[in-house]
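Engineer: curious how this folds, go ahead:
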Amino acid sequence: MGSPPIQGEELQVDLRRYELRHGTRVLKLEKIPMELVIFLSERKGELVTRDEIAERLWGKGVFLDTEQGINTAVRKLRQALQEDPERPKFIQTIVGKGYRLGGPVTVIAPGAPAMPQRSRSQGEHDRAKVGAPGNKLVWGALAAISAVLALFVVLYAFGHFKGKEQSRVAPAIRAIAVLPLDNLSGDSSQDYFADGMTDEIITNLAKISSVRVISKTSIMRYKNAHRALPEIAQALNVDAVVEGSVVRAGNRVRVTAQLIDAPSDRHLWANEYQQDVTDILTLQSELAREIAAEIRATVTPDERLRLTSKGSVNPKAYEAYLKGRSYWNQRTEAGLSNAIEQFTTAASLDSNYAEAYSGLADSYTALGYLSYLDPNDAFPRARAAAVRALQLDPTLAEAHASLAYYELYHDWNWPEAEREFKLALSLNPNYATGYEWYSIYLLAMGRFDESLTAISRAQQLDPLSVAIKTDVGFQYFYRRDYDRAIQELRSAVATNPRFPLAHLWLGRAYQQKRMYAEAIQEFAQTEAALPGWVVTTAGVGNAYGEWGKRAEAERILKLLASMSSEKFVTPYGVALVYAGMGRNEEAFKWLDMAVEGRSHWLVWLNLDPRWGGLRSDRRFGQLLDRVGLAHRE
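Structural biologist: Residues are numbered from 1 along each chain as shown. Now for the predicted structure:
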């Protein structure tokens, strides 16, 4: 047995508020560890076997690895209590048997004032006192209270309160973050499943316009971070967080979730869900609806309809879809290729799975934008996948955004692009990527103020995203406010020194300030992160040409010619190198080829300052007409 706890540092198990306090500290616990300490407190001083714990916490006929689950719950409980497993004060291990709870413990039952546990001798002393003349009313009141408490304890013990606390009036919640769900399967290879479930819960909640929902990019910063909730809430500027865990075994999934008032770290609500993977969409919709109800969010009839389950899904298709999203989030050429493979598998296993086609659309747009594929190959495939997704589910915001991306970067149909972007954002008003892409459209159209408004909204929804932070610098670059662009991009690099696009755009801004050495240094950082990326290579060639280093620029031209035998090399990039060297005839030749090949970079033809030496030529205006851009300087 371990040493007794320090005097005065008793445990309080508060069933009313569903929280554990150690002395004056409120301990942050997930649902399973909290349920464990409640169970141990009910059996205070008695041995509780692991089998009893498994049955209480997970039920009979459990489908998951309870041994790992119990070990994890005990470990998290001890971490919260800050106690040494070798010398425990409260959670005492009986080797080979189970656990028992030591030390002074007060249990506060639901709906009643605290009633500290006391020894038998103290209780008999109190009963003798209240039985004395003049204390009849006190005795009657205490007897009534005791009866009510006993009823609540019995109801709790038989599971009446298990899984979902009675609702209480919560503070106003206008912004929420869903923290990464813990993977309690005991298998780290299942992390993608827990991350995917987190993403799906966020996506469902994001359909509610009255609540600001933080995007996955920002919340993933807190995976396994173990930071204090008030600190996380301040960084994300939210009122509440959802945290929990997921366990998957075979085709069964169990999710626990709890809602916490972030500034006060106060527990507001908890529930648990268990479904076959086939019905996972139902689970996700139900969870989103319950959270919306708990935070008293205003949900419009259309939003309520979109929160309705979309039916069942093939378990293997769902697994492939989550793997695809995991690869897609890498945004590398290899990652995007793997994502396409997984999304294609998901679609072949379940031909009615709209999200799988939406994933394909997102992957092909990324491959096209990053110039990993010929735009005439990538963008039409993206469109076909997006159209198929929308045939299956017209309410899928991501597919509408992908279609808008196609209209912007490939079809150059500006009105249709804006219509699709607006439709996507009406269906998912918390879609940070949608606002980011819409800001790019607005910028290309020269609508600078509207563009900054849109990217600012994206930042509110995804405040820790270095990609969005980079796009703010990108905005100022194309507005030709290079000092402000450098300021924003340096900030992005400080946030994530390995993010290649931040270095790319910082290099371009330095170049416009004629800080060529600094520009080449930033391009080298991009090249280190994305070796052989054509966009970087062409940018380096253009900078060398402007800098007057003709030999280096000629070397880049030869390198691009060599690369073209192995991969797609955008003609826009080759034209840039010639333009940097002042060889305008060759530049126009390659720009003509870029128009014929539907190069998506031509969207920036009007704003890209690197074409300064060509603008006075009438042929440049003709190029703008062919792309459908208004003439402006």
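
Engineer: any idea how far the residue nearest to N428 when sequence neighbours are not counted lies from E42?
Structural biologist: Distances taken as C-beta to C-beta, 6 or more residues apart in numbering place A397 nearest to N428, at 3.5 Å, with adjacent residues excluded. Just so you know, the C-beta spots here come from the backbone N, C-alpha and C atoms, and that holds for glycine as well. Relative to E42, A397 is positioned 47 Å away (C-beta to C-beta, to the nearest Å).

Engineer: picking up where we left off before, quick one: residues contacting the residue nearest to N428.
Structural biologist: 207, 424-425, 427-428, 431, 434 (C-beta atoms under 8 Å, 6 or more residues apart in numbering).

Engineer: ok, now E554?
Structural biologist: Going by C-beta under 8 Å, 6+ apart, E554 touches M581.

Engineer: element containing it, please.
Structural biologist: For E554, the element it lies in under DSSP states H and E is helix 550-563.

Engineer: please report how far D261 lies from L181.
Structural biologist: 19 Å.

Engineer: those two: which is more packed in?
Structural biologist: Using other C-beta atoms under 10 Å, the more surrounded residue of D261 and L181 is L181, with 26 against 19.

Engineer: state the pLDDT value of the more buried one.
Structural biologist: At L181, the predicted lDDT confidence score is 91.

Engineer: correct me, but it touches V255?
Structural biologist: Yes - when contacts are counted by C-beta atoms under 8 Å, L181 is listed as touching V255 (7.2 Å).

Engineer: mutual contacts of these two, please.
Structural biologist: By C-beta under 8 Å, 6+ apart, the residues touching both L181 and V255 are 197, 244-246.

Engineer: out of those residues, list just those in helices.
Structural biologist: Judged by DSSP state H, the subset of those located in helices is M197.

Engineer: and this protein, what are its domains?
Structural biologist: The chain breaks down into these domains under automatic domain parsing: 11-157, 175-312.

Engineer: figure out which of those domains is closest to A630.
Structural biologist: Closest to A630 of the domains of the chain, according to C-beta to C-beta: domain 175-312, at 33.1 Å.

Engineer: now the terminal residues of the closest one, how far apart.
Structural biologist: 30 Å (C-alpha to C-alpha, to the nearest Å).

Engineer: any stretches of the chain with poor pLDDT?
Structural biologist: Low-confidence segments of the chain (pLDDT under 70): 1-9, 58-68, 110-171, 309-310, 631-633.

Engineer: show me the strands in it, by range?
Structural biologist: All strands of the chain, identified by DSSP state E, fall at 11-14, 19-22, 25-27, 48-49, 91-94, 98-101, 105-108, 115-116, 175-178, 182-183, 212-213, 240-249, 252-261, 266-276.

Engineer: packing partners for the first one?
Structural biologist: Contacting strand 11-14 under the criterion 3 or more C-beta pairs under 8 Å, 6 or more residues apart in numbering; DSSP states H and E are the following elements: strand 19-22, helix 31-42, strand 105-108.

Engineer: between these, which one is closest to D191.
Structural biologist: helix 31-42 (18.2 Å).

Engineer: contacts for the closest one?
Structural biologist: With C-beta under 8 Å, 6+ apart, helix 31-42 has contacts from 11, 13, 15, 18-20, 29, 48, 52-53, 56-57, 69-70, 72-74, 76-77, 80, 91, 99-101, 105, 107, 153, 156-157, 162, 184, 244-245, 256-258, 270, 272.
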